[in-house]
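Participant: Have a look; sequence and predicted model below, questions after that.
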There are 2 protein chains.
Amino acid sequence: MRYELYYWPGIQGRGEFVRLALEDASADYVDVARLSDMDGFGVPAVMKFLQSPEVKQLPFAPPFLKAGDVLVGQTANILQFIAPQLGLVPQDEPSRLWAHQLQLTVADFIKEAHDTHHPIASSLYYEEQKPEALRRTKDFLATRLDKYFGYFEKVLDRNGGHAVAGTHSYVDLSLFQIVAGMRYAFPKAMAQREAKYPRLVKNHAEVQKRPRLAQYLASARRIAFNEKGLFRKYPELDAG
Amino acid sequence: MRYELYYWPGIQGRGEFVRLALEDASADYVDVARLSDMDGFGVPAVMKFLQSPEVKQLPFAPPFLKAGDVLVGQTANILQFIAPQLGLVPQDEPSRLWAHQLQLTVADFIKEAHDTHHPIASSLYYEEQKPEALRRTKDFLATRLDKYFGYFEKVLDRNGGHAVAGTHSYVDLSLFQIVAGMRYAFPKAMAQREAKYPRLVKNHAEVQKRPRLAQYLASARRIAFNEKGLFRKYPELDAG
């Protein structure tokens, strides 16, 4: 079955966590909004779902994914749906719940990482909330980053280097992505802290070397980090 | 099976979404932290899990729930785990994914509602971030509240008055709770807006009248809203 991923075309954003799983599993999928409007794809195809009065199970926002008749929204929910089909999580319920629990904690983390540059309103530009962004980021780097990364480090430690013990899973891919994103957005702060998270760093390196992932990351399908996504490089926020 | 809910004893908070489901289904459960330290319960029992080096599937934060050998964390994940057992969601996968998708959107909403009074840092008091809170709340009431409530209103409209078409589910309980919370925190703003959300208001009224829920809400088990929880009444933020 061909999966249809609906997400904004110009950013990694939340959709990237889904793309990483699809790419790592070499799944058959289309990244709908990145194809041409002329062929019925593009952003208009995303908007059609969000604006149609016919859609009973309306998504709140991208990403959402279509698989045959099933339409699934919310990043972590998409992942828990596709992962058993892609071999990216064990089939038993306790393992799936555990993986999903971690993914929801990743979701909490990226919301906080995003809010460093948008502490007041996502409807305003960063430039309109800069003093607040400086203050929020200071706290984020001083208290939140270590709370989350320290937690994930412990989890990897207690589960043999993987998020789900004994196996590679989509959560490992997501942990790779948050390390990559933090390195992009906060290179100084990360350089000072990485020694505290050897297992997270090792997981990042290992995921990056997985053959299909390496191919994806080197391809044009991997959108570069930029200042419209979740992780943004604003040097004045990167206190080190 | 007796469920053990681990959550802070003094607030409704995120744990309340789980309590509502357990109470509505008349489930056999203990609210661990609200029982006595002397009997091995209380907050020390919560901390034991968070601090034990033995717990492989470590929760990031309360709430988490124990059911026999299974330990599940993250509010929405707990709900998707217990709901099929409690008859609070249909058994088929598409219905469960849809309910969970909505619950994750509820989670996004309550995070934003919380951040109105804590836009800079959860480690600081509200009083230490008041100007920022005023600014964030202004945007929240002007743009975010309607985005979420307008969305949930549409969902109820398209699914016959319930979140999951044709049946009462745990999501209806959660939608009751966010209306209750918003009325507590922002009575003026809500009074001005409720006419736009007749189905959300109706769902609130109907849930409140469910016999077991009515009994729960009138009992001492229902902690009152207060200024340590997600929804806080700070009149200066309630612009109407």
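Facilitator: Structure received.
Participant: For the rest of this, base every contact and every neighbour count on C-alpha atoms.
Facilitator: Noted.
Participant: contact partners of the helix ranked longest in chain A?
Facilitator: Of all the segments assigned as helix in chain A under DSSP state H, the longest by residue count is helix A:93-117. For helix A:93-117, contacts defined as C-alpha atoms under 8 Å, 6 or more residues apart in numbering or on different chains pick out A:76, A:80, A:89-90, A:126, A:129-130, A:133-134, A:136-137, A:140, A:148, A:163-164, A:169, A:171, A:174-175, A:178, A:230-232, B:57, B:60, B:70, B:72-74, B:77, B:81.
Participant: Which of the residues you listed are buried, as a ChimeraX select command?
Facilitator: Remark: buried members of the contacts of helix A:93-117, expressed as a ChimeraX selection using 16 or more other C-alpha atoms under 10 Å in any protein chain shown:
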select /A:76,80,89,90,126,129,130,133,134,136,137,140,148,163,164,169,171,174,175,178,230,231,232 /B:57,60,72,73,74,77,81
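Participant: List the buried residues for the longest helix of chain A?
Facilitator: Neighbour-count burial for helix A:93-117, counted by 16+ other C-alpha under 10 Å, picks out A:95-107, A:109-117.
Participant: residues contacting the closest residue to A:Gly68 other than its chain neighbours?
Facilitator: In this structure, A:Gly68 finds its nearest non-sequential neighbour in A:Met1, 7.3 Å apart by C-alpha to C-alpha, 6 or more residues apart in numbering or on different chains. By C-alpha under 8 Å, 6+ apart, A:Met1 lies in contact with A:28, A:67-68.
Participant: same thing with A:Val30?
Facilitator: Here A:Val30 is in contact with A:2-5 (criterion: C-alpha under 8 Å, 6+ apart).
Participant: out of these, who has the most neighbours?
Facilitator: The residue in the contacts of A:Val30 with the most neighbours, by other C-alpha atoms under 10 Å in any protein chain shown, is A:Leu5 (25 neighbours).
Participant: For chain B, see how far away that residue is.
Facilitator: 16 Å (C-alpha to the nearest C-alpha, to the nearest Å).
Participant: So that residue, which state does it fall into?
Facilitator: Per DSSP: H, G, I helix; E, B strand; the rest coil, the local secondary structure of A:Leu5 is strand.
Participant: pretty sure A:Asp238 contacts A:Tyr184?
Facilitator: No - using C-alpha atoms under 8 Å as the test, A:Asp238 is too far from A:Tyr184 to be in contact (10.4 Å).
Participant: got the end-to-end distance for stretch A:32-49?
Facilitator: 12 Å (C-alpha to C-alpha, to the nearest Å).
Participant: That one near chain B at all?
Facilitator: No - using C-alpha under 8 Å from any C-alpha of the partner chain, stretch A:32-49 stays clear of chain B, with a minimum separation of 13.4 Å.
Participant: Quick check: residues of chain A near chain B?
Facilitator: Within chain A, the positions adjacent to chain B are A:56-58, A:60, A:70, A:72-74, A:77, A:81, A:94, A:97-98, A:100-101, A:104-105, A:119-121, A:132, A:135-136, A:139-140, A:151, A:155, A:158-159 by C-alpha under 8 Å from any C-alpha.
Participant: Give me the subset of those lying in strands.
Facilitator: With strands defined by DSSP state E, the entries of these inside them are A:70, A:72-73.
Participant: List just the nearest of the residues you listed to chain B.
Facilitator: Nearest to chain B, judged by C-alpha to the nearest C-alpha, of these is A:Gly73 at 5.9 Å.
Participant: so who does that closest one touch?
Facilitator: By C-alpha under 8 Å, 6+ apart, the residues touching A:Gly73 are A:59-65, B:98, B:101.
Participant: With adjacent residues omitted, what lies nearest to it?
Facilitator: Leaving aside its chain neighbours, A:Gly73 sits nearest to A:Phe64 (4.2 Å; criterion: C-alpha to C-alpha, 6+ apart).
Participant: hang on, isn't the one you found packed against A:Trp8?
Facilitator: No - with contact defined as C-alpha under 8 Å, A:Phe64 does not reach A:Trp8; the gap is 10.5 Å.
Participant: Compare neighbour counts for the two and give me the winner.
Facilitator: Taking other C-alpha under 10 Å, A:Phe64 and A:Trp8 do not tie; A:Phe64 has more neighbours (23 against 19).
Participant: Please convert the contacts of A:Met1 to CSV, extending it with distance to B:Phe225, neighbour count and secondary structure.
Facilitator: Converted to CSV, the contacts of A:Met1 look like this (distance: C-alpha to C-alpha, whole Å; neighbours: other C-alpha atoms under 10 Å in any protein chain shown; DSSP: H, G, I helix; E, B strand; the rest coil):
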residue, distance to B:Phe225, neighbour count, secondary structure
A:Asp28, 49, 11, coil
A:Ala67, 41, 15, strand
A:Gly68, 44, 10, coil
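Participant: Can you tell me which of those is nearest A:Asp39?
Facilitator: Closest approach between the contacts of A:Met1 and A:Asp39, by C-alpha to C-alpha: A:Asp28, at 18.7 Å.
Participant: measure that closest one to B:Asp37 for me?
Facilitator: Going from A:Asp28 to B:Asp37 by C-alpha to C-alpha gives 54 Å.
Participant: Okay, now the unreliable bits of chain A?
Facilitator: Applying pLDDT under 70 to chain A flags the ranges A:240.
Participant: Tell me where it has helices.
Facilitator: A:15-24, A:42-51, A:75-86, A:93-117, A:130-139, A:145-158, A:170-185, A:187-193, A:198-209, A:211-217.
Participant: Now do the third one: distance to the chain's middle.
Facilitator: Centroid separation between helix A:75-86 and its chain, computed with C-alpha atoms, centre = their mean, to the nearest Å, is 13 Å.
Participant: do the first one as well
Facilitator: Here the centre of helix A:15-24 is set off from its chain's centre by 8 Å, with C-alpha atoms, centre = their mean.
Participant: go on, the fifth one?
Facilitator: Taking the mean C-alpha point of helix A:130-139 and that of its whole chain, the gap between them comes to 23 Å (C-alpha atoms, centre = their mean).
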